[in-house]
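# attaching a predicted model along with its sequence, questions to come.
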Amino acid sequence: MNSLSQLDQVKTTPWSGGRSPWSVEYGKIMMWFFLLSDAFTFSSLLVYYGAQRFTKFTWPDPDLVFQSIPGVLDKGAPLVFVGIMTFILIMSSVTMVLAVEAGHRRYKKGVIIWMILTIIGGFMFLGCQALEWSHLHHEGFWWGSIPGPEALQEFFVGPVSNVAAQQFANLFFTITGFHGFHVFTGVLLNIIILCMTINGTFERRGHYLMIEKVGLYWHFVDLVWVFVFTFFYLV
C-alpha cells in the first residue's frame with residue numbers, strides 16, 4: 001500500500017507528463033532538442049572545413065573568390081554581396097522577433113505583416129545565394145570540378161593547389177547548400193504559419209505559441225549563417 005502511494009506520488013511530479021519539465025510547453029522543448037541535434041551536424045561540417053583549411057599550405061583567398069556582385073560587377077567588390085545577403089537574413093530575424101511579439105499580444109494583423117516580411121527576406125536571401133552559386137559555377141567551381149590552371153591562379157595568393165581548390169569547392173557548395181535547404185524549409189514553415197494565421201487558427205486556439213516555435217528555428221538558421229559566413233568568407 002505504501003509502495004502504491006509512492007508510485008502515485010511519482011506520477012504527480014513534473015516529469016510525469018501532466019506538466020512539461022521546467023514549465024516549458026512540450027512542442028517548444030522538442031524544437032530545442034531538434035535544434036541541438038542540428039547544431040551538431042553543422043558543427044561537424046564546419047570543423048571538417050576548418051581541418052581541411054588549416055592543414056593546407058595554401059587555400060583560395062575569400063577576397064579574390066567572393067569579389068563580385070552578380071549582375072553588377074565581376075570584380076573589385078570583395079565580400080560586398082555576401083554582406084548584403086547577411087544583412088537581409090539578419091533583418092528577417094528581426095521581423096520574426098516582431099511577429100513573435102505581436103503573437104504574444106494576440107495582434108493578428110501585426111503577425112501577418114511581420115511574417116510576410118520575414119518570408120520576403122527568406123526568398124531574397126535564397127535568390128542571392130542562387131546568384132552567387134551561378135556566378136561561382138560560371139567561374140568554374142562546382143562539386144568535383146575547378147577552374148583551369150590559369151584561371152585558378154586568380155583565386156590564390158601565392159602557390160596554387162588543385163587539391164585545396166577542390167576541397168574548397170566541394171565544402172562550400174555542400175555546407176552553403178545544406179544551410180540554404182534549411183532556409184528554404186524555414187520559408188515553407190513560415191508560409192504555412194502565415195496561412196494558419198490568416199485563417200484564424202491561432203485565434204481559435206487562444207494563443208500564438210506556434211509562431212514562437214517556428215521563430216526558434218528561423219533564429220537558429222540565422223545564427224548558423226553567422227558561423228558559415230565567418231568560416232568561408234572571413235577566415
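The structure has been received and is ready for your questions.
# from here on, just use CA atoms for contacts and neighbour counts.
Fine.
# quick one: pLDDT of residue 10?
Note for residue 10: predicted pLDDT of 45.
# an error on my part: the question was meant for residue 16.
47.
# okay, now residue 57: neighbour count?
11 (other CA atoms under 10 Å).
# let me know the secondary structure of it.
Following DSSP: H, G, I helix; E, B strand; the rest coil, we place residue 57 in the coil state.
# kindly report the same for residue 77.
Per three-state DSSP, residue 77 ends up coil.
# same question, residue 67
coil.
# surely residue 78 and residue 64 touch.
Yes. Counting by CA atoms under 8 Å, residue 64 is a contact partner of residue 78 at 6.9 Å.
# may I see the buried residues of the top helix by length along the chain?
The helix that spans the most residues within the chain, counting by DSSP state H, is helix 162-198. Residues of helix 162-198 classed as buried: 162, 164-173, 175-176, 179-180, 182-184, 186-187, 189-191, 193-194, 197 (neighbour count, 16 or more other CA atoms under 10 Å).
# that one packs against which elements?
helix 26-54, helix 108-139, helix 209-229 (3 or more CA pairs under 8 Å, 6 or more residues apart in numbering; DSSP states H and E).
# now the helix or strand that comes right after the longest one: buried residues?
Spelled out, that is helix 108-139. Next in sequence after helix 108-139, counting helices and strands by DSSP states H and E, comes helix 149-152. Using 16+ other CA under 10 Å as the test for burial, helix 149-152 gives residue 152.
# roughly how far is helix 149-152 from the heart of the chain?
32 Å (CA atoms, centre = their mean, to the nearest Å).
# and that helix, average pLDDT?
91.
# contact partners of it?
146, 160 (CA atoms under 8 Å, 6 or more residues apart in numbering).
# for stretch 114-129, same thing?
85-86, 88-89, 91-93, 95-96, 98-99, 180, 183-184, 187, 190-191, 194.
# again, but for stretch 218-228
35, 42, 46, 86, 89-90, 93, 96, 175-176, 179, 182-183, 186.
# report the two of those residues separated the most.
46 and 96 (26.2 Å; CA to CA).
# those two: which is more packed in?
residue 96 (27 against 18).
# surely the more buried one touches residue 215?
Yes. Applying CA under 8 Å as the test, residue 96 and residue 215 come out as touching, 6.1 Å apart.
# which ones are touching residue 88?
Taking CA under 8 Å, 6+ apart, one finds 121, 122, 124, 125 in contact with residue 88.
# would you mind giving the contacts of stretch 218-228 as TSV with distance to residue 208 added?
What follows is the contacts of stretch 218-228, written out as TSV (distance: CA to CA, whole Å):
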residue	distance to residue 208
35	20
42	29
46	35
86	28
89	23
90	23
93	18
96	13
175	33
176	31
179	27
182	23
183	22
186	17
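# of those, closest to residue 158?
Using CA to CA, the contacts of stretch 218-228 come closest to residue 158 at residue 46, 24.7 Å.
# hmm, which helix or strand of the chain has the shakiest average pLDDT?
In the chain, no helix or strand scores lower on mean pLDDT, DSSP states H and E than helix 2-11, which sits at a mean of 47.
# neighbours of residue 110, how many?
Residue 110: 17 neighbours (other CA under 10 Å).
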